[in-house]
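Peer 1: Sequence plus predicted model, see below.
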Amino acid sequence: MTLQELLLADLERQDFYANTPNAPKNIRRVILKAFSPRFMPVVLYRLSHFFWQKKLSPLAKFFSLLNFWFFGLEIAIRSEIGGGLYLPHTVGTVLSAERIGERCVIFGQVVLGAKEVDFAFTSSARPTVGDDVTIGTGAKVLGGIKIGSCVKVGANAVVIRDIPDDSMAVGVPAVYKPLEANR
């Protein structure tokens with residue numbers, strides 16, 4: 001997806017969570033959404049990742065640093081994140097995954113990262129998160145594990161093992177069970 005397509009998907013997700021997906025679009029509404037503290041951190045991440053892909057590392061790091069200063073959010077510029085990312089609260093959140101899928105919701109104080117110090121950003125030491133995943137407040141997802149699609153990770157869960165599709169993971173360490181068929 002292009003930068004523009006990703007940002008449009010992220011902006012559409014903002015409307016979805018505002019319970020107004022069918023509200024008429026107008027410029028005032030788009031501007032208000034664009035400067036929301038739930039959307040602006042996503043924009044800064046998208047810009048940092050875009051400049052990293054273009055091999056303009058100083059600009060990428062600048063936008064990443066702005067995210068940290070203004071929103072208390074650390075997102076690795078190398079992390080691949082699909083469209084439709086929604087961050088209801090950002091302070092204290094660290095997103096350093098290899099990949100985060102589309103339409104994910106990540107609450108505050110979440111950590112996605114390596115189990116040990118990894119300055120080189122070794123992809124195999126980072127989690128991979130599927131599509132349509134919700135990660136609750138304070139959850140920790142650590143190591144080179146895979147979180148399937150349509151997964152819900154409970155608040156304060158510590159996930160250190162793979163979680164299959166259509167599951168819910170809760171506890172310390174997290175255990176999973178299949179989600180009910182009539183979600």
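Peer 2: Thanks, I have it.
Peer 1: any idea which helix or strand carries the nearest residue to Gly108 once chain neighbours are set aside?
Peer 2: In space, and not counting its chain neighbours, Gly108 is closest to His89: 3.3 Å by CB to CB, 6 or more residues apart in numbering. For the C-beta atoms, the positions are set from N, CA and C on the backbone; glycine is no exception. Secondary-structure element containing His89, defined by DSSP states H and E: none, the residue being outside all helices and strands.
Peer 1: just checking, His89 touches Val105?
Peer 2: No. With the criterion set as CB atoms under 8 Å, His89 and Val105 do not qualify as a contacting pair; they are 10.8 Å apart.
Peer 1: Pull up the overlap in contacts between the two.
Peer 2: Jointly contacting His89 and Val105 under the rule CB atoms under 8 Å, 6 or more residues apart in numbering is no residue at all.
Peer 1: just to revisit the earlier point, if I look at the residue nearest to Gly108, how far off is Val170?
Peer 2: The span separating His89 from Val170 equals 20 Å under the rule CB to CB, to the nearest Å.
Peer 1: Over to Thr137?
Peer 2: Taking CB to CB as the measure, Thr137 falls 13 Å from Val170.
Peer 1: residue ranges of the helices in this protein, please?
Peer 2: 3-17, 27-34, 40-53, 57-71 (DSSP state H).
Peer 1: average pLDDT across the third one?
Peer 2: The predicted model gives helix 40-53 an average pLDDT of 96.
Peer 1: Which elements pack onto it?
Peer 2: For helix 40-53, the packing partners by 3 or more CB pairs under 8 Å, 6 or more residues apart in numbering; DSSP states H and E come out as helix 3-17, helix 57-71, strand 73-75, strand 80-81.
Peer 1: Most tightly packed of those?
Peer 2: Across the helices and strands packed on helix 40-53, averaging neighbours per residue (mean count of other CB atoms under 10 Å) puts strand 73-75 on top, at a mean of 24.
Peer 1: With that, I have no additional questions.
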